[in-house]
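**Student:** Here is a sequence together with a model predicted from it:
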Amino acid sequence: MTRVRFVAVALLAAAGVAAASCSAPTTGPAPGADPAAMVLADGYEPDDLNPLMGYGEEGASKIYDGLISFDADRAPQPNLAASVPTASPDGLSWTVPLRPGVTFHDGTPFDAQDVVATYTAVLDPSRAATVSSGFPMLRGVTAVDASTVRFDLTYPFLLFPGRLTLPIVPSEALATPGPASDLTLGTRPVGTGPYRMTEWRQGSSMILDANERYHGGAPAVRRITIVMAEDDNTRAQRTATGEFDGTVLPPSLARGIAEQVSAQGMALREHSSADYRTISLPFANPVTADLTIRQALNRAVNRQGMIDALLAGQGWPASTPIPEVLPEEVEPSAQFAYDPAAANAMLDAAGWVRGPDGVRVRGDLPARFTLMYNASDTVRRDLAQAFASDARAIGVDVRLEGLGWDAIDPRMGTDAVVLGGGNPFDTAFKSWLLLHSSNAADGYNNPGSYRNAEVDAALDAAQRAPDRASRAAELRRFQTAYAADPGMVFLTFLGHSYLTRDRFDGYQPVVEPHTHGTTWGPWWNVEDWTPRS
């Protein structure tokens with residue numbers, strides 16, 4: 001899960017963001033504003049802009065390009081690659097021809113050495129790149145010549161082209177040894193993307209200007225100003241006054257003001273996603289490690305009720321990491337129905353007896369545990385409260401703690417936490433990261449140290465499957481094994497909701513990953529937009 005920093009609301013005079021006036025907003029840009037520019041508001045700010053530390057790794061960064069990007073149908077397309085990569089007959093290497101004539105924002109030419117340097121840094125333990133966990137199949141990368149690279153794998157990996165969305169950085173930026181976190185790319189990014197970062201007032205705003213030399217053509221949207229505004233209600237109010245050209249909002253809030261802002265030419269855009277919210281159940285905790293507790297909690301939660309009450313219906317029940325937007329991969333028998341009566345019966349049969357206060361006890365162990373959530377995230381807070389209420393109804397006492405990530409991180413091995421993640425591009429790999437025993441206690445990868453040999457075997461087989469049909473079959477086998485021994489309580493796949501001023505052509509709906517906001521959303525392909533005449 002990519003971490004982001006919440007930031008305070010700030011007005012941005014330098015970007016031309018005008019204070020709200022008493023007059024009704026118009027459907028176009030504010031008087032005197034550049035009609036080819038837009039001002040967006042986001043509630044999240046990246047910790048840094050370094051691709052080796054996770055920025056833009058799923059391919060929607062406007063500052064960087066990867067070798068591959070995904071189109072609106074989630075199909076990999078060449079970006080810095082000149083064509084889609086080709087595999088060797090044994091599947092153990094992939095050759096990638098590179099796009100000619102590309103330059104970085106600083107004017108240096110892009111070639112094979114930049115690709116080799118980027119991926120070598122990923123694999124170098126001394127760099128401690130957080131994205132390294134995304135490449136367990138990669139053995140090395142070699143420059144065949146100045147315009148061709150070859151990736152060598154430790155085992156065949158059918159969807160390897162989809163792993164090549166990682167942004168490429170100049171080899172010169174990696175010339176100095178040391179941890180990736182120390183690189184100047186974190187605050188002074190140099191990429192080949194459609195936009196250059198020309199200003200970043202951390203905690204306040206970021207300005208992206210069009211890259212005139214972009215290999216896909218200079219974007220028609222010339223400037224994007226992103227104002228960092230933490231509070232959802234404040235962001236909604238400022239959007240309603242016409243201050244912003246777009247923002248991301250919780251579904252209920254977005255729907256609540258959609259009609260109000262439609263008179264300004266603002267459109268409500270709702271995207272499906274593979275973005276799950278789940279409750280981790282650490283195996284170092286004697287309560288959450290208990291199989292009956294885990295099975296009962298999965299049957300006690302009213303997933304659809306949470307979606308209807310908390311998300312304005314903009315979501316889908318989740319029982320595993322595999323979203324229903326990919327029906328060919330979903331195993332219907334692995335879905336948990338809302339059945340508190342069955343949950344109570346399971347706990348009774350396992351010797352979990354209700355005490356005078358309604359909390360179950362087995363021996364000297366009360367059915368009680370702590371659930372942490374990010375205190376600044378209203379959706380996670382609301383889901384945590386609903387989960388605790390449903391758990392209490394079957395005699396399990398869940399104590400809630402709203403904390404910052406710095407306080408949450410060291411406790412994930414023993415205390416439950418509301419986690420988010422997922423993407424629609426490779427659900428098998430994302431499930432492997434989250435639930436395979438080899439990733440136990442690896443940060444947000446399997447933080448509760450879940451272990452199940454049958455789950456491991458199915459996920460390993462899915463990684464090595466020779467075709468999509470075999471891969472889907474192994475994914476269904478994984479879900480069946482997981483449902484018999486659940487390691488988490490998946491709650492929902494979130495719908496992502498946005499408001500955007502409808503004065504450009506080029507919008508295309510997409511199924512989004514966990515990463516969203518102004519990086520994805522309606523603006524995922526903003527470099528292809530044109531002003532509406």
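**Tutor:** Yes, it's here. Numbering: from 1, shown residues only.

**Student:** show me the residues around Ser449 that make contact.
**Tutor:** Residues in contact with Ser449, defined by Cβ atoms under 8 Å, 6 or more residues apart in numbering, are Pro282, Phe283, Ala284, Gly413, Ser437, Ala440, Ala441. All C-beta spots, glycine's among them, are computed from the backbone N, C-alpha and C.

**Student:** Buried members of those into ChimeraX, please.
**Tutor:** The buried residues among the contacts of Ser449 can be selected in ChimeraX (16 or more other Cβ atoms under 10 Å) with this line:
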select :282,283,413,440
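
**Student:** Of the contacts of Ser449, just say which sits nearest to Asp152.
**Tutor:** Taking Cβ to Cβ as the measure, Asp152 lies nearest Ser437 of the contacts of Ser449, at 26.1 Å.

**Student:** Show the pLDDT at the closest residue to that closest one other than its chain neighbours.
**Tutor:** Setting aside the residues directly before and after it, Ser437 is nearest to Arg451 in space (Cβ to Cβ, 6 or more residues apart in numbering), at 4.2 Å. For Arg451, the pLDDT comes out at 98.

**Student:** got it, and Gly517?
**Tutor:** On pLDDT, Gly517 comes in at 82.

**Student:** What separation do you get for it and Leu159?
**Tutor:** Using Cβ to Cβ, to the nearest Å, Gly517 is found at 25 Å from Leu159.

**Student:** Phi and psi next, for the residue nearest to Ser437.
**Tutor:** Dihedral pair for Arg451: phi -140, psi 130, per degrees, to the nearest 10.

**Student:** how near is it to Glu199?
**Tutor:** Counting by Cβ to Cβ, the gap from Arg451 to Glu199 is 48 Å.

**Student:** now do Gly355
**Tutor:** From Gly355 across to Glu199, the span is 59 Å (Cβ to Cβ).

**Student:** same deal with Val141?
**Tutor:** Counting by Cβ to Cβ, the gap from Val141 to Glu199 is 34 Å.

**Student:** Those two: who's more crowded?
**Tutor:** The neighbour comparison of Val141 against Glu199 (other Cβ atoms under 10 Å) goes to Val141, with 22 against 14.

**Student:** three-state assignment of the residue lying closest to the more buried one once chain neighbours are set aside?
**Tutor:** Leaving aside its sequence neighbours, Val141 sits nearest to Tyr119 (Cβ to Cβ, 6+ apart; 4.3 Å). When classified by DSSP: H, G, I helix; E, B strand; the rest coil, Tyr119 comes out as helix.

**Student:** How about the contacts made by Tyr119?
**Tutor:** Counting by Cβ under 8 Å, 6+ apart, Tyr119 touches Phe135, Leu138, Val141, Phe151, Leu166.

**Student:** what does Leu326 give?
**Tutor:** Ala274, Pro424, Thr427.

**Student:** Could you measure from Asp339 over to Thr518?
**Tutor:** Separation of Asp339 from Thr518 (Cβ to Cβ) stands at 40 Å.

**Student:** In terms of packing, which of these two has more residues around it?
**Tutor:** Using other Cβ under 10 Å as the criterion, Asp339 and Thr518 rank with Thr518 on top: 28 against 14.

**Student:** burial count for Val526?
**Tutor:** Close neighbours of Val526, defined as other Cβ under 10 Å, add up to 25.

**Student:** was I right about it contacting Val221?
**Tutor:** Yes. Applying Cβ atoms under 8 Å, one finds Val526 in contact with Val221, separated by 5.5 Å.

**Student:** Common neighbours of these two, please.
**Tutor:** Between them, Val526 and Val221 share the contacting residues Phe504, judged by Cβ under 8 Å, 6+ apart.

**Student:** State the mean pLDDT of the strand or helix carrying Asp390.
**Tutor:** Assignment of secondary structure by DSSP states H and E places Asp390 within helix 378-393. For helix 378-393, the mean pLDDT works out to 97.

**Student:** Surely Gly54 and Val131 touch.
**Tutor:** Yes. Applying Cβ under 8 Å, one finds Gly54 in contact with Val131, separated by 5.8 Å.

**Student:** With Ala180 as the reference, measure out to Pro125.
**Tutor:** 11 Å.

**Student:** Give the residue from those two that has the larger number of neighbours.
**Tutor:** More crowded of Pro125 and Ala180, by other Cβ under 10 Å: Ala180, with 24 against 7.

**Student:** Contacts only, for that one.
**Tutor:** Counting by Cβ under 8 Å, 6+ apart, Ala180 has contacts Asn50, Leu52, Met53, Ala121, Arg127, Ala128, Ala129, Thr130.

**Student:** Pop out the phi and psi values for the nearest residue to it once chain neighbours are set aside.
**Tutor:** Spatial nearest neighbour of Ala180, excluding adjacent residues (Cβ to Cβ, 6+ apart): Leu52 at 3.8 Å. Dihedral pair for Leu52: phi -70, psi -20, per degrees, to the nearest 10.

**Student:** what residues are up against Leu52?
**Tutor:** Listed by Cβ under 8 Å, 6+ apart, the contact set of Leu52 reads Thr118, Ala121, Val122, Arg127, Ala129, Thr130, Val131, Val169, Ala180, Leu183, Leu185.

**Student:** For those residues, pick the one with the most neighbours.
**Tutor:** Result: Ala129 is most packed of these (other Cβ under 10 Å), 26 neighbours.

**Student:** What's the per-residue pLDDT of that one here?
**Tutor:** pLDDT, Ala129: 97.

**Student:** Okay, the residue lying closest to it once chain neighbours are set aside and Arg196: tell me how far apart.
**Tutor:** Nearest residue to Ala129, sequence neighbours excluded (Cβ to Cβ, 6+ apart): Leu52, at 4.0 Å. Distance of Leu52 to Arg196, given as Cβ to Cβ: 19 Å.

**Student:** Look at Gly517 and Leu159 and report which has more neighbours.
**Tutor:** Gly517 (21 against 15).

**Student:** right, and the secondary structure at the more buried one would be what?
**Tutor:** coil.

**Student:** That one contacts Tyr44, correct?
**Tutor:** Yes. Taking Cβ under 8 Å as the definition, Gly517 is a contact partner of Tyr44 at 5.4 Å.

**Student:** which SSE is Ala296 in?
**Tutor:** In this assignment (DSSP H and E), Ala296 forms part of helix 291-300.

**Student:** How far away from the center of its chain is that helix?
**Tutor:** 27 Å (Cα atoms, centre = their mean, to the nearest Å).
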